[in-house]
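**Q** give me a 3D structure for the following:
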Amino acid sequence: MIIQPILDLVAICAKKGIENAILSPGSRCAPLTLAFTRHPDIHSRTISDERSAAFIALGMAQQLGQPVVLVCTSGSAALNYCPAIAEAYFQRVPLLILTADRPPEWIDQWDGQTIYQEEVFGKHVKKSFRFPDSFSNEEQIWQAGRIANEAINLAKQFPAGPVHINIPLREPFYPTEGEKFEFPEHPREFTPVSSHSQLTEESLKHIKNRLADVRRLLIVPGQQRPNAQLQKLLDQLAAKQKAVIVTDTISNLQSEQTITLQDHWLGNEGLHAELEPDLVISFGQSVISKSLKQFLRKSQASHWHIQQDGQSRDTYQHLTRILACAPTGFLAWLGENLPSQDDDFFETWKNLEQKTGETLPAIFESSDFGEYPALHFLLKKIPAASKLHLANSMAVRYVNFLGKREQEIICNRGTSGIDGSNSTAVGCTFTTKDPVTLITGDMAFFYDRNAFWHNYTIPNLRIIILNNHAGGIFRLIDGPAKQPELEEFFETKQKLTAKHLATEFGFFYSKVINQEELEASLKDFYEPGLHPKILEIETSSPKNAEILKEVKEKIKAGIQQKK
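**A** The predicted structure is shown next:
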(Lines give C-alpha, C1' and ligand atoms only; values in the text may rest on other atoms or scores of the structure.)
Protein backbone atom coordinates (compact mmCIF):
# COMPACT_ATOMS: atom_id res chain seq x y z
CA MET A 1 0.00 0.00 0.00
CA ILE A 2 1.27 3.47 -0.87
CA ILE A 3 0.84 6.01 1.95
CA GLN A 4 0.21 9.32 0.22
CA PRO A 5 1.14 11.57 3.22
CA ILE A 6 4.62 9.94 3.12
CA LEU A 7 4.92 10.89 -0.57
CA ASP A 8 3.73 14.38 0.36
CA LEU A 9 6.42 14.58 3.09
CA VAL A 10 9.16 13.70 0.61
CA ALA A 11 7.77 16.16 -1.96
CA ILE A 12 7.82 18.93 0.66
CA CYS A 13 11.46 18.07 1.44
CA ALA A 14 12.38 18.47 -2.22
CA LYS A 15 10.34 21.67 -2.54
CA LYS A 16 12.24 23.18 0.38
CA GLY A 17 15.63 22.44 -1.15
CA ILE A 18 16.56 19.14 0.53
CA GLU A 19 18.52 17.11 -2.00
CA ASN A 20 20.15 14.33 0.04
CA ALA A 21 18.94 11.45 2.19
CA ILE A 22 20.95 8.85 4.08
CA LEU A 23 18.91 5.68 4.58
CA SER A 24 19.61 2.61 6.67
CA PRO A 25 18.01 -0.74 5.74
CA GLY A 26 14.89 -1.98 7.51
CA SER A 27 11.35 -3.15 6.88
CA ARG A 28 9.30 -0.78 9.05
CA CYS A 29 10.84 2.19 7.23
CA ALA A 30 10.05 0.76 3.76
CA PRO A 31 7.43 3.41 2.88
CA LEU A 32 9.97 6.15 3.61
CA THR A 33 12.83 4.35 1.87
CA LEU A 34 10.84 3.77 -1.32
CA ALA A 35 9.52 7.34 -1.38
CA PHE A 36 12.96 8.92 -1.02
CA THR A 37 14.70 6.59 -3.47
CA ARG A 38 12.01 7.12 -6.11
CA HIS A 39 11.82 10.90 -5.89
CA PRO A 40 13.68 12.33 -8.91
CA ASP A 41 15.12 15.36 -7.08
CA ILE A 42 16.57 13.62 -4.03
CA HIS A 43 19.85 11.69 -4.00
CA SER A 44 19.51 8.76 -1.61
CA ARG A 45 22.36 6.64 -0.27
CA THR A 46 22.21 3.62 2.01
CA ILE A 47 24.53 3.18 5.01
CA SER A 48 23.93 0.05 7.07
CA ASP A 49 25.41 1.21 10.39
CA GLU A 50 23.07 3.89 11.78
CA ARG A 51 25.77 5.49 13.93
CA SER A 52 28.00 5.93 10.90
CA ALA A 53 25.02 6.98 8.75
CA ALA A 54 24.20 9.85 11.08
CA PHE A 55 27.77 11.16 11.10
CA ILE A 56 27.94 10.88 7.31
CA ALA A 57 24.76 12.99 7.11
CA LEU A 58 26.38 15.45 9.53
CA GLY A 59 29.47 15.69 7.32
CA MET A 60 27.30 16.45 4.31
CA ALA A 61 25.09 19.01 6.05
CA GLN A 62 28.15 20.84 7.44
CA GLN A 63 29.24 21.56 3.89
CA LEU A 64 25.89 22.01 2.19
CA GLY A 65 24.29 24.29 4.77
CA GLN A 66 21.01 22.50 4.07
CA PRO A 67 19.29 19.71 6.02
CA VAL A 68 20.18 16.14 5.10
CA VAL A 69 17.50 13.54 5.82
CA LEU A 70 18.16 10.49 7.98
CA VAL A 71 15.81 7.49 7.76
CA CYS A 72 15.94 4.37 9.93
CA THR A 73 13.70 1.52 10.98
CA SER A 74 12.05 1.09 14.39
CA GLY A 75 13.67 -0.01 17.64
CA SER A 76 17.27 0.44 18.70
CA ALA A 77 18.28 1.72 15.24
CA ALA A 78 17.29 5.23 16.29
CA LEU A 79 19.46 5.08 19.42
CA ASN A 80 22.53 4.72 17.23
CA TYR A 81 21.84 8.18 15.82
CA CYS A 82 22.33 9.82 19.23
CA PRO A 83 26.05 10.75 19.15
CA ALA A 84 25.81 12.47 15.76
CA ILE A 85 22.55 14.21 16.64
CA ALA A 86 24.10 15.64 19.81
CA GLU A 87 27.08 16.83 17.74
CA ALA A 88 24.76 18.43 15.19
CA TYR A 89 22.78 20.16 17.93
CA PHE A 90 25.81 21.82 19.51
CA GLN A 91 27.45 22.54 16.14
CA ARG A 92 24.18 23.97 14.81
CA VAL A 93 24.04 21.69 11.78
CA PRO A 94 20.61 21.04 10.21
CA LEU A 95 19.38 17.44 10.04
CA LEU A 96 15.89 16.04 9.49
CA ILE A 97 15.61 12.72 11.36
CA LEU A 98 12.77 10.40 10.33
CA THR A 99 12.42 7.32 12.53
CA ALA A 100 9.91 4.66 11.54
CA ASP A 101 8.00 3.27 14.53
CA ARG A 102 5.49 0.62 15.52
CA PRO A 103 1.92 1.89 16.05
CA PRO A 104 1.47 3.26 19.60
CA GLU A 105 -0.75 0.38 20.77
CA TRP A 106 2.16 -2.06 20.28
CA ILE A 107 4.78 -0.20 22.29
CA ASP A 108 5.91 -2.14 25.42
CA GLN A 109 3.85 -5.19 24.46
CA TRP A 110 6.81 -7.51 23.80
CA ASP A 111 6.44 -6.95 20.08
CA GLY A 112 9.61 -6.97 17.95
CA GLN A 113 11.76 -3.86 17.46
CA THR A 114 9.82 -1.60 19.79
CA ILE A 115 11.25 0.98 22.16
CA TYR A 116 10.02 4.35 23.43
CA GLN A 117 10.89 6.41 20.35
CA GLU A 118 8.87 9.56 20.95
CA GLU A 119 11.26 12.34 22.04
CA VAL A 120 14.03 9.71 22.22
CA PHE A 121 16.70 12.36 21.50
CA GLY A 122 15.60 14.57 24.38
CA LYS A 123 17.09 18.06 24.47
CA HIS A 124 19.54 17.29 21.68
CA VAL A 125 17.02 18.14 18.97
CA LYS A 126 15.33 21.48 18.44
CA LYS A 127 11.97 19.73 18.54
CA SER A 128 10.48 16.25 18.22
CA PHE A 129 7.24 15.69 16.31
CA ARG A 130 4.93 12.67 16.12
CA PHE A 131 3.41 11.95 12.73
CA PRO A 132 -0.21 10.74 12.64
CA ASP A 133 -0.51 6.94 12.97
CA SER A 134 -3.41 6.76 10.52
CA PHE A 135 -4.87 8.90 7.75
CA SER A 136 -8.55 8.08 7.87
CA ASN A 137 -9.70 11.71 7.69
CA GLU A 138 -8.60 14.92 6.00
CA GLU A 139 -7.47 16.58 9.22
CA GLN A 140 -4.84 13.90 9.83
CA ILE A 141 -3.53 14.40 6.30
CA TRP A 142 -3.48 18.18 6.92
CA GLN A 143 -1.62 17.59 10.20
CA ALA A 144 1.04 15.45 8.45
CA GLY A 145 1.72 18.21 5.92
CA ARG A 146 1.85 20.85 8.64
CA ILE A 147 4.37 18.79 10.66
CA ALA A 148 6.59 18.27 7.60
CA ASN A 149 6.67 22.00 6.88
CA GLU A 150 7.25 23.02 10.47
CA ALA A 151 10.03 20.47 11.03
CA ILE A 152 12.02 21.49 7.94
CA ASN A 153 11.54 25.19 8.63
CA LEU A 154 12.75 24.71 12.19
CA ALA A 155 15.84 22.72 11.15
CA LYS A 156 16.88 25.60 8.87
CA GLN A 157 16.00 28.54 11.11
CA PHE A 158 18.79 30.20 13.10
CA PRO A 159 20.27 28.56 15.00
CA ALA A 160 20.08 25.59 12.64
CA GLY A 161 19.98 22.12 14.11
CA PRO A 162 18.50 18.62 14.09
CA VAL A 163 14.73 18.08 14.15
CA HIS A 164 13.04 14.70 14.69
CA ILE A 165 9.80 13.28 13.28
CA ASN A 166 8.75 9.90 14.68
CA ILE A 167 6.52 8.13 12.18
CA PRO A 168 4.30 5.21 13.34
CA LEU A 169 3.59 2.94 10.39
CA ARG A 170 1.12 0.07 10.03
CA GLU A 171 1.35 -2.86 7.68
CA PRO A 172 1.18 -3.32 4.74
CA PHE A 173 4.37 -1.32 4.00
CA TYR A 174 4.95 -2.18 0.36
CA PRO A 175 3.04 -1.12 -2.77
CA THR A 176 0.88 -3.72 -4.44
CA GLU A 177 1.19 -4.60 -8.09
CA GLY A 178 -0.06 -1.76 -10.25
CA GLU A 179 0.21 0.97 -7.62
CA LYS A 180 2.16 4.02 -8.78
CA PHE A 181 4.17 6.58 -6.84
CA GLU A 182 2.66 9.98 -7.62
CA PHE A 183 4.43 12.84 -5.91
CA PRO A 184 2.41 16.08 -5.78
CA GLU A 185 3.89 18.66 -8.12
CA HIS A 186 2.88 21.51 -5.83
CA PRO A 187 2.70 20.23 -2.24
CA ARG A 188 1.32 22.62 0.33
CA GLU A 189 4.28 24.61 1.62
CA PHE A 190 4.71 27.45 4.06
CA THR A 191 7.94 29.26 4.80
CA PRO A 192 8.67 31.75 7.59
CA VAL A 193 9.90 35.23 6.75
CA SER A 194 13.45 35.38 8.13
CA SER A 195 14.50 38.30 10.31
CA HIS A 196 18.00 39.16 11.47
CA SER A 197 18.36 40.83 14.83
CA GLN A 198 19.98 44.26 14.79
CA LEU A 199 21.05 46.40 17.69
CA THR A 200 19.02 49.56 18.28
CA GLU A 201 20.52 52.99 17.89
CA GLU A 202 20.17 53.45 21.66
CA SER A 203 22.12 50.23 22.32
CA LEU A 204 24.86 51.26 19.91
CA LYS A 205 25.14 54.62 21.65
CA HIS A 206 25.73 52.90 25.02
CA ILE A 207 28.25 50.53 23.44
CA LYS A 208 30.14 53.42 21.84
CA ASN A 209 30.36 55.19 25.20
CA ARG A 210 31.75 52.04 26.81
CA LEU A 211 34.29 51.57 23.99
CA ALA A 212 35.70 55.04 24.67
CA ASP A 213 37.48 53.56 27.70
CA VAL A 214 38.74 50.39 25.94
CA ARG A 215 42.42 50.29 25.03
CA ARG A 216 43.14 46.56 25.19
CA LEU A 217 40.53 44.84 23.07
CA LEU A 218 40.81 41.09 22.51
CA ILE A 219 38.53 39.47 19.91
CA VAL A 220 38.05 35.67 20.06
CA PRO A 221 36.16 33.95 17.22
CA GLY A 222 34.89 30.44 17.93
CA GLN A 223 34.30 27.53 15.57
CA GLN A 224 32.62 28.34 12.26
CA ARG A 225 32.84 27.85 8.50
CA PRO A 226 35.26 30.07 6.52
CA ASN A 227 33.80 33.53 5.96
CA ALA A 228 35.66 35.98 3.72
CA GLN A 229 33.65 38.97 4.94
CA LEU A 230 34.37 38.24 8.60
CA GLN A 231 38.05 37.66 7.77
CA LYS A 232 38.31 41.03 6.06
CA LEU A 233 36.61 42.86 8.95
CA LEU A 234 38.88 41.23 11.55
CA ASP A 235 42.03 41.95 9.54
CA GLN A 236 41.00 45.60 9.25
CA LEU A 237 40.41 45.86 13.00
CA ALA A 238 43.89 44.45 13.63
CA ALA A 239 45.64 46.57 11.00
CA LYS A 240 43.83 49.85 11.60
CA GLN A 241 42.85 49.94 15.29
CA LYS A 242 45.37 47.32 16.51
CA ALA A 243 42.79 45.09 18.14
CA VAL A 244 44.25 41.70 19.09
CA ILE A 245 42.47 38.85 17.27
CA VAL A 246 43.12 35.35 18.69
CA THR A 247 42.09 32.63 16.24
CA ASP A 248 42.53 28.95 16.86
CA THR A 249 42.40 26.48 14.01
CA ILE A 250 38.66 25.66 14.05
CA SER A 251 37.71 29.35 13.77
CA ASN A 252 38.68 29.21 10.07
CA LEU A 253 39.62 32.90 10.42
CA GLN A 254 43.38 32.67 10.78
CA SER A 255 45.51 35.14 8.83
CA GLU A 256 48.80 37.04 9.01
CA GLN A 257 46.98 39.65 11.11
CA THR A 258 45.75 37.24 13.79
CA ILE A 259 47.32 35.41 16.72
CA THR A 260 47.48 31.64 16.13
CA LEU A 261 50.27 30.29 18.38
CA GLN A 262 48.88 31.42 21.74
CA ASP A 263 48.95 27.93 23.27
CA HIS A 264 52.73 28.14 23.52
CA TRP A 265 52.83 31.06 25.94
CA LEU A 266 49.43 31.56 27.55
CA GLY A 267 49.59 30.23 31.08
CA ASN A 268 52.99 31.81 31.67
CA GLU A 269 52.23 33.76 34.85
CA GLY A 270 55.07 36.19 34.18
CA LEU A 271 53.29 37.39 31.03
CA HIS A 272 49.75 37.61 32.41
CA ALA A 273 49.76 41.34 33.21
CA GLU A 274 51.20 42.28 29.81
CA LEU A 275 48.62 40.18 27.98
CA GLU A 276 45.60 41.09 30.13
CA PRO A 277 42.80 42.69 28.06
CA ASP A 278 40.21 45.11 29.39
CA LEU A 279 37.46 43.85 27.07
CA VAL A 280 36.89 40.51 25.31
CA ILE A 281 34.48 40.25 22.37
CA SER A 282 33.65 36.75 21.15
CA PHE A 283 31.41 35.17 18.53
CA GLY A 284 30.98 31.75 16.96
CA GLN A 285 31.00 28.52 18.91
CA SER A 286 33.67 26.72 20.93
CA VAL A 287 37.43 27.23 21.02
CA ILE A 288 39.94 24.40 21.42
CA SER A 289 42.60 26.12 23.46
CA LYS A 290 42.35 25.20 27.14
CA SER A 291 45.11 27.70 27.96
CA LEU A 292 43.14 30.50 26.29
CA LYS A 293 39.98 29.61 28.21
CA GLN A 294 41.87 29.45 31.51
CA PHE A 295 43.63 32.76 30.75
CA LEU A 296 40.35 34.54 30.08
CA ARG A 297 38.67 33.01 33.13
CA LYS A 298 41.48 34.37 35.31
CA SER A 299 41.25 37.74 33.59
CA GLN A 300 39.12 40.51 35.08
CA ALA A 301 38.14 41.79 31.64
CA SER A 302 34.50 42.22 30.72
CA HIS A 303 33.21 39.83 28.09
CA TRP A 304 30.73 40.64 25.32
CA HIS A 305 29.39 37.76 23.24
CA ILE A 306 27.78 38.25 19.84
CA GLN A 307 24.93 35.73 19.74
CA GLN A 308 22.25 36.34 17.13
CA ASP A 309 19.56 34.50 19.09
CA GLY A 310 20.45 36.38 22.29
CA GLN A 311 21.12 33.24 24.33
CA SER A 312 23.72 33.27 27.12
CA ARG A 313 27.09 31.63 26.45
CA ASP A 314 29.32 32.49 29.41
CA THR A 315 32.39 30.44 28.43
CA TYR A 316 34.88 32.72 30.18
CA GLN A 317 32.80 33.41 33.32
CA HIS A 318 32.90 37.20 32.88
CA LEU A 319 29.93 37.76 30.55
CA THR A 320 28.54 41.28 30.90
CA ARG A 321 26.76 41.87 27.59
CA ILE A 322 25.03 39.74 24.95
CA LEU A 323 24.95 41.39 21.54
CA ALA A 324 21.88 39.96 19.77
CA CYS A 325 22.97 40.58 16.20
CA ALA A 326 24.99 39.08 13.35
CA PRO A 327 28.80 39.27 13.79
CA THR A 328 29.40 40.82 10.38
CA GLY A 329 27.15 43.80 11.04
CA PHE A 330 28.57 44.48 14.48
CA LEU A 331 32.21 44.12 13.42
CA ALA A 332 31.62 46.50 10.50
CA TRP A 333 30.17 49.03 12.96
CA LEU A 334 33.05 48.38 15.35
CA GLY A 335 35.56 49.15 12.61
CA GLU A 336 34.08 52.64 12.33
CA ASN A 337 33.66 53.33 16.05
CA LEU A 338 36.50 51.62 17.93
CA PRO A 339 39.24 53.97 19.17
CA SER A 340 42.83 53.00 18.37
CA GLN A 341 44.14 50.48 20.86
CA ASP A 342 47.24 50.38 23.08
CA ASP A 343 50.34 49.91 20.90
CA ASP A 344 52.31 48.11 23.62
CA PHE A 345 49.48 45.62 24.24
CA PHE A 346 49.20 44.86 20.53
CA GLU A 347 52.95 44.56 20.02
CA THR A 348 53.36 42.23 23.01
CA TRP A 349 50.95 39.72 21.48
CA LYS A 350 52.42 40.10 17.97
CA ASN A 351 56.03 39.76 19.18
CA LEU A 352 55.21 36.55 21.04
CA GLU A 353 53.54 35.23 17.89
CA GLN A 354 56.54 36.14 15.76
CA LYS A 355 59.15 34.71 18.15
CA THR A 356 57.27 31.43 18.48
CA GLY A 357 56.80 31.15 14.73
CA GLU A 358 60.53 31.65 14.22
CA THR A 359 61.50 29.18 16.96
CA LEU A 360 59.27 26.20 16.10
CA PRO A 361 60.88 25.10 12.79
CA ALA A 362 64.37 24.97 14.32
CA ILE A 363 63.09 22.90 17.24
CA PHE A 364 61.51 20.35 14.93
CA GLU A 365 64.61 20.12 12.74
CA SER A 366 66.61 18.85 15.72
CA SER A 367 63.79 16.77 17.21
CA ASP A 368 63.50 12.98 17.16
CA PHE A 369 60.80 11.48 14.94
CA GLY A 370 57.31 11.54 16.45
CA GLU A 371 53.75 12.71 15.86
CA TYR A 372 54.38 16.39 16.50
CA PRO A 373 57.36 16.92 14.13
CA ALA A 374 55.75 14.61 11.56
CA LEU A 375 52.62 16.77 11.50
CA HIS A 376 54.71 19.93 11.30
CA PHE A 377 56.24 18.52 8.12
CA LEU A 378 53.20 17.01 6.45
CA LEU A 379 50.83 19.94 7.05
CA LYS A 380 52.95 21.86 4.55
CA LYS A 381 52.25 19.16 1.96
CA ILE A 382 48.44 19.19 2.17
CA PRO A 383 46.90 21.09 -0.78
CA ALA A 384 45.27 24.39 0.14
CA ALA A 385 42.06 23.25 -1.60
CA SER A 386 41.73 20.17 0.62
CA LYS A 387 39.04 20.06 3.28
CA LEU A 388 40.93 19.18 6.46
CA HIS A 389 39.04 17.03 8.96
CA LEU A 390 40.62 16.61 12.37
CA ALA A 391 39.73 13.94 14.90
CA ASN A 392 39.46 14.94 18.53
CA SER A 393 42.09 14.32 21.23
CA MET A 394 45.63 15.00 20.00
CA ALA A 395 45.08 15.40 16.24
CA VAL A 396 43.16 18.68 16.54
CA ARG A 397 45.41 19.91 19.35
CA TYR A 398 48.61 19.32 17.40
CA VAL A 399 47.24 21.23 14.43
CA ASN A 400 46.15 24.05 16.72
CA PHE A 401 49.66 24.20 18.21
CA LEU A 402 51.14 24.55 14.73
CA GLY A 403 49.44 27.81 13.78
CA LYS A 404 47.92 29.25 10.63
CA ARG A 405 46.28 26.90 8.12
CA GLU A 406 45.03 27.68 4.62
CA GLN A 407 42.62 24.74 4.42
CA GLU A 408 39.07 24.74 5.75
CA ILE A 409 39.25 23.02 9.15
CA ILE A 410 36.42 20.70 10.20
CA CYS A 411 36.24 19.02 13.59
CA ASN A 412 33.41 17.65 15.71
CA ARG A 413 33.83 20.08 18.59
CA GLY A 414 30.14 20.24 19.47
CA THR A 415 30.58 17.29 21.82
CA SER A 416 34.33 16.72 21.16
CA GLY A 417 33.87 12.96 20.85
CA ILE A 418 36.03 10.56 18.84
CA ASP A 419 33.12 8.43 17.69
CA GLY A 420 32.35 9.72 14.19
CA SER A 421 35.37 11.48 12.69
CA ASN A 422 35.85 8.93 9.87
CA SER A 423 32.16 9.05 8.94
CA THR A 424 31.99 12.85 9.03
CA ALA A 425 34.92 13.00 6.60
CA VAL A 426 33.24 10.42 4.35
CA GLY A 427 30.09 12.56 4.33
CA CYS A 428 32.21 15.51 3.26
CA THR A 429 33.55 13.55 0.27
CA PHE A 430 29.97 13.11 -0.93
CA THR A 431 29.71 16.90 -1.36
CA THR A 432 32.95 17.80 -3.16
CA LYS A 433 35.49 16.62 -5.72
CA ASP A 434 38.27 18.47 -3.90
CA PRO A 435 40.61 16.41 -1.71
CA VAL A 436 39.30 15.61 1.77
CA THR A 437 42.05 14.92 4.30
CA LEU A 438 41.37 13.28 7.66
CA ILE A 439 44.05 13.46 10.35
CA THR A 440 43.14 11.06 13.12
CA GLY A 441 44.51 9.04 15.99
CA ASP A 442 44.40 5.25 16.04
CA MET A 443 41.66 5.06 18.69
CA ALA A 444 39.29 7.35 16.77
CA PHE A 445 40.08 5.63 13.48
CA PHE A 446 39.38 2.07 14.58
CA TYR A 447 36.36 3.14 16.64
CA ASP A 448 34.63 4.34 13.46
CA ARG A 449 35.77 1.75 10.91
CA ASN A 450 32.20 1.21 9.66
CA ALA A 451 32.43 4.61 7.99
CA PHE A 452 33.85 2.74 4.99
CA TRP A 453 31.25 -0.06 5.00
CA HIS A 454 29.17 1.05 2.00
CA ASN A 455 29.14 0.79 -1.78
CA TYR A 456 30.13 4.35 -2.75
CA THR A 457 33.41 5.48 -4.27
CA ILE A 458 35.38 8.09 -2.30
CA PRO A 459 38.62 8.45 -4.29
CA ASN A 460 39.26 11.99 -3.01
CA LEU A 461 39.66 10.82 0.61
CA ARG A 462 43.13 10.87 2.20
CA ILE A 463 43.59 9.53 5.73
CA ILE A 464 46.60 10.22 7.95
CA ILE A 465 46.64 8.03 11.06
CA LEU A 466 48.79 8.90 14.06
CA ASN A 467 49.13 5.38 15.46
CA ASN A 468 50.89 5.29 18.82
CA HIS A 469 48.95 2.12 19.72
CA ALA A 470 47.25 3.90 22.62
CA GLY A 471 45.13 6.86 23.63
CA GLY A 472 48.24 9.02 23.89
CA ILE A 473 46.46 12.12 25.18
CA PHE A 474 46.11 10.51 28.63
CA ARG A 475 49.88 10.47 28.97
CA LEU A 476 49.78 14.28 28.65
CA ILE A 477 47.16 14.86 31.35
CA ASP A 478 48.63 15.05 34.85
CA GLY A 479 45.89 13.00 36.53
CA PRO A 480 45.92 9.74 34.53
CA ALA A 481 49.60 10.09 33.59
CA LYS A 482 50.58 9.59 37.25
CA GLN A 483 48.41 6.53 37.85
CA PRO A 484 49.73 2.93 37.72
CA GLU A 485 46.63 2.02 35.66
CA LEU A 486 47.64 4.45 32.86
CA GLU A 487 48.56 1.97 30.14
CA GLU A 488 45.76 -0.58 30.59
CA PHE A 489 42.77 1.51 31.64
CA PHE A 490 43.40 5.02 30.26
CA GLU A 491 45.63 4.67 27.20
CA THR A 492 43.97 1.33 26.29
CA LYS A 493 47.00 -0.05 24.48
CA GLN A 494 46.28 -1.98 21.28
CA LYS A 495 48.37 -3.59 18.52
CA LEU A 496 46.22 -2.83 15.48
CA THR A 497 47.43 -1.25 12.27
CA ALA A 498 45.28 -0.11 9.35
CA LYS A 499 46.87 -2.55 6.88
CA HIS A 500 44.13 -5.20 7.02
CA LEU A 501 41.36 -2.59 6.94
CA ALA A 502 42.93 -1.04 3.83
CA THR A 503 43.06 -4.44 2.15
CA GLU A 504 39.47 -5.20 3.13
CA PHE A 505 38.08 -1.96 1.70
CA GLY A 506 40.46 -1.61 -1.25
CA PHE A 507 42.39 1.46 -0.04
CA PHE A 508 45.99 2.27 -0.94
CA TYR A 509 48.11 1.93 2.19
CA SER A 510 51.56 2.85 3.43
CA LYS A 511 53.10 2.85 6.88
CA VAL A 512 56.06 5.01 7.96
CA ILE A 513 58.24 4.91 11.05
CA ASN A 514 60.80 7.64 10.30
CA GLN A 515 61.23 10.95 8.50
CA GLU A 516 62.76 9.46 5.34
CA GLU A 517 59.82 7.09 4.85
CA LEU A 518 57.37 9.93 5.54
CA GLU A 519 58.90 12.13 2.86
CA ALA A 520 58.88 9.29 0.34
CA SER A 521 55.23 8.38 1.05
CA LEU A 522 54.01 11.94 0.64
CA LYS A 523 55.45 12.35 -2.87
CA ASP A 524 52.41 10.79 -4.56
CA PHE A 525 49.93 10.80 -1.67
CA TYR A 526 47.78 13.51 -3.29
CA GLU A 527 48.11 12.24 -6.83
CA PRO A 528 44.63 11.43 -8.22
CA GLY A 529 43.62 7.78 -8.03
CA LEU A 530 40.65 5.45 -8.08
CA HIS A 531 40.78 4.64 -4.38
CA PRO A 532 41.21 6.42 -1.03
CA LYS A 533 44.71 6.42 0.47
CA ILE A 534 45.86 5.78 4.03
CA LEU A 535 49.18 6.96 5.43
CA GLU A 536 49.86 5.46 8.85
CA ILE A 537 52.51 7.13 11.00
CA GLU A 538 53.60 4.66 13.68
CA THR A 539 55.21 6.15 16.77
CA SER A 540 55.70 5.58 20.51
CA SER A 541 53.28 7.15 22.97
CA PRO A 542 55.96 7.81 25.65
CA LYS A 543 58.26 9.34 23.01
CA ASN A 544 55.48 11.63 21.74
CA ALA A 545 54.88 12.90 25.28
CA GLU A 546 58.62 13.54 25.68
CA ILE A 547 58.79 15.51 22.40
CA LEU A 548 55.77 17.65 23.30
CA LYS A 549 57.26 18.48 26.69
CA GLU A 550 60.61 19.32 25.09
CA VAL A 551 59.03 21.68 22.54
CA LYS A 552 57.12 23.53 25.28
CA GLU A 553 60.26 23.96 27.39
CA LYS A 554 62.39 25.22 24.48
CA ILE A 555 59.78 27.77 23.40
CA LYS A 556 59.38 28.99 26.98
CA ALA A 557 63.16 29.33 27.34
CA GLY A 558 63.39 31.14 24.02
CA ILE A 559 60.70 33.65 24.99
CA GLN A 560 62.36 34.37 28.34
CA GLN A 561 65.75 34.79 26.67
CA LYS A 562 64.44 37.32 24.13
CA LYS A 563 62.46 39.39 26.61
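**Q** check contacts around residue 266.
**A** Contact analysis of residue 266 by Cβ atoms under 8 Å, 6 or more residues apart in numbering lists 275, 289, 291-292, 294-295. The way it works is simple: take the backbone N, C-alpha and C, and place the C-beta from them, glycine included.
**Q** how about JSON lines for those, with secondary structure and distance to residue 325 added?
**A** Output for the contacts of residue 266, formatted as JSON lines (DSSP: H, G, I helix; E, B strand; the rest coil; distance: Cβ to Cβ, whole Å):
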{"residue": "275", "secondary structure": "helix", "distance to residue 325": "28"}
{"residue": "289", "secondary structure": "coil", "distance to residue 325": "26"}
{"residue": "291", "secondary structure": "helix", "distance to residue 325": "29"}
{"residue": "292", "secondary structure": "helix", "distance to residue 325": "24"}
{"residue": "294", "secondary structure": "helix", "distance to residue 325": "29"}
{"residue": "295", "secondary structure": "helix", "distance to residue 325": "26"}
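**Q** and which of the residues you listed is nearest to residue 379?
**A** Using Cβ to Cβ, residue 289 is the member of the contacts of residue 266 that sits closest to residue 379, with 17.8 Å.
**Q** that closest one: what's it in contact with?
**A** Residue 289 makes contact with 248, 262-263, 266, 400 under the criterion Cβ under 8 Å, 6+ apart.
**Q** okay, residue 196: pLDDT?
**A** pLDDT, the model's per-residue confidence, is 58 for residue 196.
**Q** center of the chain, which residue is that?
**A** In the chain, the centroid-proximal residue (Cα atoms, centre = their mean) is residue 412; its distance is 3.3 Å.
**Q** now do the SS call for that one.
**A** Under the three-state scheme (DSSP: H, G, I helix; E, B strand; the rest coil), residue 412 adopts coil.
**Q** and what of residue 11?
**A** Going by three-state DSSP: residue 11 is helix.
**Q** now do residue 380
**A** Following three-state DSSP, residue 380 is assigned to helix.
**Q** quick one: contacts of the lowest-mean-pLDDT helix or strand in the chain?
**A** Least confident element among the helices and strands of the chain, by mean pLDDT, DSSP states H and E: helix 478-481 (a mean of 75). With contact meaning Cβ under 8 Å, 6+ apart, helix 478-481 is reached by 474-475, 486, 490, 545.
**Q** the residues you listed: which two are farthest apart?
**A** Greatest spatial distance among the contacts of helix 478-481 (Cβ to Cβ): 490 and 545, at 12.8 Å.
**Q** show me the two of the contacts of residue 289 that sit farthest apart.
**A** 266 and 400 (12.1 Å).
**Q** so who does the closest residue to residue 126 other than its chain neighbours touch?
**A** Setting aside the residues directly before and after it, residue 126 is nearest to residue 161 in space (Cβ to Cβ, 6 or more residues apart in numbering), at 4.6 Å. Residue 161 makes contact with 88-89, 92-95, 125-126, 155, according to Cβ under 8 Å, 6+ apart.
**Q** try 6 Å
**A** Taking Cβ atoms under 6 Å, 6 or more residues apart in numbering, we find residue 161 in contact with 89, 92, 126.
**Q** and if you look at residue 448?
**A** Neighbours of residue 448 in contact, by Cβ under 6 Å, 6+ apart: 420, 422-423.
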